[in-house]
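A.B. asks: Sequence plus the predicted model coming up.
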Amino acid sequence: MNNHESVLVVDDEIEICMLLANMLKKKGYMVNCVHTIQDARQSLVDNEFDLLFLDLNLPDGLGFHFIEDARSHNKKIKVIVISAYDGNIERQRAESEGVNYFLPKPFNRNMVNQALTDVNP
């Protein structure tokens, strides 16, 4: 892993953002957390991200709607969806949207490490 990789975490649960940010910072990532799609879009204007942790249900829309925005700024961005909705419909849509990894909530450190390993082999 490159110690200069930048990560955007988009989740409306502040605790999830803090948990992921702490885990990722310990691994050398630079982390930016936001809680809405609107704030995520603004973050894309201000920064370049290598990795995106994206919740599906946000106060201002579905996370799926943000994937295209993220990829328009960086075609190589890796997308890890984080969601409590872990059904076939969500997983199939994630696959069709080109999501790199589906991380169900609740998750733990080992699950996050596995996601990072899978998207950055």
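C.D. replies: Good, I have the coordinates. Since we're looking at a predicted model, the values are computed, not measured.
A.B. asks: does C33 count as helix, strand or coil?
C.D. replies: strand (DSSP: H, G, I helix; E, B strand; the rest coil).
A.B. asks: I'd say P104 and A84 touch.
C.D. replies: Yes: if you go by Cβ atoms under 8 Å, P104 and A84 touch, sitting 7.3 Å apart. The C-beta positions use only the backbone N, C-alpha and C, and glycine is treated the same way.
A.B. asks: Mind checking which of those two has more residues around it?
C.D. replies: More crowded of P104 and A84, by other Cβ atoms under 10 Å: P104, with 15 against 12.
A.B. asks: tell me the contacts of that one?
C.D. replies: Counting by Cβ atoms under 8 Å, 6 or more residues apart in numbering, P104 touches I82, S83, A84, D86, M111.
A.B. asks: mind redoing it with 7 Å?
C.D. replies: S83, D86 (Cβ atoms under 7 Å, 6 or more residues apart in numbering).
A.B. asks: any idea how far it lies from V9?
C.D. replies: Distance, P104 to V9, by Cβ to Cβ, to the nearest Å: 16 Å.
A.B. asks: and what of A40?
C.D. replies: The spacing between A40 and V9, counted by Cβ to Cβ, is 9 Å.
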